[in-house]
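>>> need coordinates for the below:
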Amino acid sequence: MKILVVEDETRVSQFMQKGLREEGHAVDVAADGEEGGFLAEVNEYDLIILDLMLPKKNGIVMCREIRDRGVETPVLMLTARDSVEDRVRGLDAGADDYLVKPFAFEELLARVRALLRRRSESRSPILTLADLELDPMSRMVTRAGKGIRLTTKEYALLEYMMRNPRKVLSRTLIGEHVWDMNFDPESNVIDVYISHLRAKIDKGFEPPLLHTLRGQGYILTDQAPPD
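Predicted coordinates for the structure are as follows:
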């Protein structure tokens, strides 16, 4: 999943970014409410982790503004103040959950999983293309009923492509969603992961589903790929 972390404490944001990336998520970071609000509006995220106390624009204001502009991405609000009033203000502004600082990373992950699970359930319980199935709840992948084991990043890549079936996805789109907005488009890492994924979901099965379109990107389709 793609997550936006809006946190002005560098140590805390780096701690969350590192841990979330190790869990297979693509993570963008903003250091203030203005930048966070801008990124939340121009990019598509699966979750926003938002600190309450931020420079330029606090978390309450940012959350209320992105909700007013139609951004429905789940928001997990962080606060150093464990008061009912602060929690109510955050929830009333549009936050979906809150977490009090300091927190254990295991609890952050549990809340992230819960919010992402709710979002996955509301979007589609099981993703299917031909005989390929991906269950976001269990993170299980099968083709023709046969289980397929994927690495964390292979799974993230496949889930993104299965949420965008029959669409040509450029290297930039894949890089920004599966990695982050600082992804180097000149890197060959996408080609490497596409190759690994193709070997696992297509080898030994018919028809092939994962196709490379030279100069355009990649497409996951059960139809004849475009020229």
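
>>> all helices of the chain, in order?
Along the chain, counting by DSSP state H, helices occupy 10-22, 33-42, 59-68, 84-92, 105-123, 152-162, 171-174, 189-201.

>>> quick one: the helix or strand of the chain with the lowest mean pLDDT to helix 59-68, angle?
Lowest mean confidence among the helices and strands of the chain (mean pLDDT, DSSP states H and E): helix 84-92, at a mean of 79. Put simply, helix 84-92 runs at 20 degrees to helix 59-68, going by axes from the mean of the first three to the mean of the last three C-alpha atoms, to 10 degrees.

>>> now for the helices of the chain, which one comes closest to Tyr98?
Evaluated over the helices of the chain, closeness to Tyr98 peaks at helix 84-92, with 5.3 Å, by C-beta to C-beta. Just so you know, the C-beta spots here come from the backbone N, C-alpha and C atoms, and that holds for glycine as well.

>>> show residues contacting that closest one.
52, 59-60, 63, 77, 79, 98 (C-beta atoms under 8 Å, 6 or more residues apart in numbering).

>>> same check on stretch 166-180?
Contact with stretch 166-180 is made by 2, 26-28, 43-44, 153, 156-157, 160-161, 183-185, 187, 189-190, 213, 216-223, 226, as judged by C-beta under 8 Å, 6+ apart.

>>> which of these are buried? Put it as a PyMOL command.
Filtering the contacts of stretch 166-180 down to the buried ones (16 or more other C-beta atoms under 10 Å) takes a single PyMOL command:
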select buried, resi 2+26+27+28+153+156+157+160+161+183+190+217+218+219+220+221
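
>>> so, low pLDDT: which residues of this protein?
82, 120-124, 181, 227 (pLDDT under 70).

>>> domain ranges for it?
According to automatic domain parsing, the chain comprises the domains 2-122, 127-220.

>>> ok, back up a step: would JSON lines of the contacts of helix 84-92 with distance to Arg87 be doable?
As requested, those are exported to JSON lines (distance: C-beta to C-beta, whole Å):
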{"residue": "Leu52", "distance to Arg87": "10"}
{"residue": "Gly59", "distance to Arg87": "12"}
{"residue": "Ile60", "distance to Arg87": "11"}
{"residue": "Cys63", "distance to Arg87": "13"}
{"residue": "Met77", "distance to Arg87": "8"}
{"residue": "Thr79", "distance to Arg87": "7"}
{"residue": "Tyr98", "distance to Arg87": "5"}
